[in-house]
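Asks: fold the following.
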Amino acid sequence: MMLQIFTTQLSGKMKMVKDTYEDVFEDCSRILAQSIISGHTIYLFATGEMKCVLPQALYGNDRFENVKLVEDANNVPTLKDQDSFLIFAPSSLDESSIQMARLVAEQNNSIMAVIGNKGTDQSDKGLEELVDLTINLQVHSMVPQDDGSRIGTPVAVLALYVYHCLHLTIVDILAEYE
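Replies: Numbering: from 1, shown residues only. Here you go, the predicted model:
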């Protein structure tokens, strides 16, 4: 029974993300494709469970071209105009991600963020205020328990789903370019 509930909820969440952020996928993918076409770099930064995206982006069959990982705020490179920066953060209030976004924003480069949820204070946009484009997954635990609590929080699954949506859209854009 729990598997059916989880699968149904996860499928609905993926559909919600696709429907809500289809235009944002397109906008993010165009920026990322411009970095690829111009021979510049896509920089990735991820924290917490969102780090699950990094192996796919760096080593997977569907990896981005010209990708470099930025591991912490002490290693932010000097960015060129056509470089782009993609942050995967578990929360809009994630301090490491906010610090990274501030450092990149000082260089006036395109910053995109995929966020697991808004955190506890829904009025505080945090990371969302610092980036150009945001995909907020609004993930919560999906499967109810007998005691009223919930389990099954698929932040990593949805982050990888967004990554693949971006990758597929980039492939379409690059095909148009050729």
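Asks: C-alpha only now, for contacts and for neighbours.
Replies: Noted.
Asks: name the helix or strand for residue 148, please.
Replies: Assigned by DSSP states H and E, residue 148 falls within no helix or strand.
Asks: from residue 8, how far off is it?
Replies: For residue 148, the distance to residue 8 (CA to CA, to the nearest Å) stands at 19 Å.
Asks: so for these two, which residue has more residues nearby?
Replies: Applying other CA atoms under 10 Å to residue 148 and residue 8 shows that residue 8 carries more neighbours, namely 12 against 7.
Asks: show me which residues of stretch 13-27 are buried.
Replies: Going by neighbour count (16 or more other CA atoms under 10 Å), the buried part of stretch 13-27 is 13-14, 17-18, 21, 24-27.
Asks: relative to residue 3, which of those is nearest.
Replies: residue 13 (15.1 Å; CA to CA).
Asks: need the three-state assignment for residue 39.
Replies: coil (DSSP: H, G, I helix; E, B strand; the rest coil).
Asks: residues in contact with it?
Replies: Contacts for residue 39 (CA atoms under 8 Å, 6 or more residues apart in numbering) come out as residue 66.
Asks: distance of it from residue 32?
Replies: Per CA to CA, residue 39 is found 11 Å from residue 32.
Asks: next one: the residue nearest the centre of the chain, what pLDDT does it get?
Replies: With distances taken as CA atoms, centre = their mean, residue 114 lies nearest the centre of the chain, 2.7 Å away. Here, the pLDDT recorded for residue 114 equals 97.
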